[in-house]
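Below is the structure, and that's it, no one-letter string:
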């Protein structure tokens, strides 16, 4: 019988890597990402801006200046930061539970729809504070109920939550498109747009930016405490490790799944409320603007740590805003920010892979055994 040949390269899980080695790998990955990103920006920059090295350094300086150089730029960067952090916090508990919620985009939109209803039809009945509180509550309930649907099907019949939550994004976005051109379309008809909110339905500004940044920072602290110190956070961790173990310990796994997904959707719905009442002051079909998908990477890179999510969200917000300035000053395509973000995320995800696993080449184990 023919002997099975050992693969050229195999993967093995690392055991007990020292903490300092992990941080060295992460630091090296960030430095490599910056080098590759600088090469990309230098390659697409006008050669009249200096040699290759000068163009790379100048591009980064322009990005930082464009995102943090002026008060107006800082305010826009903070506006980009708010939905990223809020959505990453929303998906963190269900990811900890190994429930792959890919529907945050739809849950944001569902919350935005519910908040918009009260902004459009109750603004003339209520003063600002009660109206905003009702809008926030409606957004939380709307996003939570939208997330509860796939959670119920997973808990009851074991359906695939990844596909279920993903498909629900398109349903709610299509519903908003119908609202834009149908019952909620502003007068005169034909604009395919929903009217701007009245002043009392808009969030007040703090330090020049709508107060959503305060809300997400408070949520960050609350999520950290919830995940680390509460009974429900412990149950989420146990279910994520092993559903069989959780059932053996007497936990109601189906109830935990639905409760956690409702919480996840509720936070995403609050993000939807913040976007329509703070950032946009109206509703449109692209209200989430990709935050639901980008936040998956933010949460994963931060290892589901709320404070780590804040740092990564801030970094991506700086890149997004700085790329606009790079386009206007150095004639670089604005899409370059997506390229740089992709490079950065690729290297950071790659470093986490190297931290968790090691590559074993054919013949290496035999040499180790002889030694």
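Done, it's in. The structure presented is a predicted model; accordingly, all values stated were derived computationally and were not measured.

Run through the strands of this protein in chain order.
Ranges of strands in the chain, per DSSP state E, are 9-13, 205-206, 209-210, 357-361.

Which one of those strands lies nearest to residue 289?
Among the strands of the chain, the nearest to residue 289 by CB to CB is strand 209-210 (15.6 Å). All C-beta spots, glycine's among them, are computed from the backbone N, C-alpha and C.

How many residues are close by residue 159?
Close neighbours of residue 159, defined as other CB atoms under 10 Å, add up to 14.

got it, and residue 89?
Neighbour count for residue 89, taken as other CB under 10 Å: 30.

Show the model's pLDDT score for it.
Model confidence at residue 89, given as pLDDT, is 97.

re earlier: quick one: closest of the strands of the chain to residue 56.
Closest to residue 56 of the strands of the chain is strand 357-361 (CB to CB; 30.3 Å).

okay, the angle between the closest one and strand 9-13?
Per axes from the mean of the first three to the mean of the last three CA atoms, to 10 degrees, the angle that strand 357-361 makes with strand 9-13 is 150 degrees.

related to what we said a few turns ago, single out the most deeply packed of the strands of the chain.
Ranked by mean neighbour count, the strands of the chain are led by strand 209-210 with a mean of 21 (mean count of other CB atoms under 10 Å).

That one pairs with which strands, and in what direction?
Applying DSSP bridges, strand 209-210 is found paired with strand 205-206 (antiparallel).

List of residues touching the partner strand?
Defining contact as CB atoms under 8 Å, 6 or more residues apart in numbering, one finds that strand 205-206 is touched by 211, 213, 214.

so what's residue 33 up against?
Contacts of residue 33 (CB under 8 Å, 6+ apart): 343, 344, 346, 347, 348.

The fourth one contacts residue 37, doesn't it?
No: the pair residue 347 / residue 37 is not scored as a contact, 9.2 Å apart, by CB atoms under 8 Å.

CSV for the strands of the chain, including mean pLDDT and distance to residue 133?
As requested, the strands of the chain are exported to CSV (pLDDT from 0 to 100; distance: least, CB to CB, whole Å):
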stretch, mean pLDDT, distance to residue 133
strand 9-13, 76, 48
strand 205-206, 95, 17
strand 209-210, 96, 16
strand 357-361, 76, 48
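
how about the helices of this structure, start to end?
Assigned by DSSP state H, the chain shows helices spanning 19-44, 52-68, 71-96, 104-121, 128-157, 161-181, 212-229, 231-241, 243-248, 253-274, 291-301, 306-330, 336-356, 364-370.

Just the buried ones among the contacts of residue 33, please.
Neighbour-count burial (16 or more other CB atoms under 10 Å) applied to the contacts of residue 33 gives 343, 344, 347, 348.

Could you identify the pair within those residues that is furthest apart?
The span of the buried ones among the contacts of residue 33, defined through CB to CB, is set by 343 and 348 at 9.7 Å.

doesn't residue 160 make contact with residue 153?
No: counting by CB under 8 Å, residue 153 does not reach residue 160; the two are 9.2 Å apart.

what residues are shared contacts of these two?
Shared contacts of residue 153 and residue 160 (CB under 8 Å, 6+ apart): none.

Name the nearest residue to the spatially most central residue of the chain, sequence neighbours excluded.
By CA atoms, centre = their mean, the chain has its centre lying nearest to residue 295, at 1.1 Å. Leaving out its chain neighbours, the residue that sits closest to residue 295 by CB to CB, 6 or more residues apart in numbering is residue 87, at 3.6 Å.

number of nearby residues for residue 265?
Applying other CB under 10 Å, we find 34 residues neighbouring residue 265.

per-residue confidence for it?
On the pLDDT scale, residue 265 is placed at 97.

what do you get for residue 183?
For residue 183, the pLDDT comes out at 93.

Phi and psi next, for it.
Main-chain torsions, residue 183, degrees, to the nearest 10: phi -70, psi -30.

Run a quick neighbour tally on it.
With other CB under 10 Å as criterion, residue 183 counts 8.

need the contact list for the closest residue to residue 26 other than its chain neighbours.
Once flanking residues are discounted, residue 26 sits nearest to residue 351: 5.3 Å by CB to CB, 6+ apart. Residues in contact with residue 351 (CB under 8 Å, 6+ apart) are 25, 26, 28, 29.
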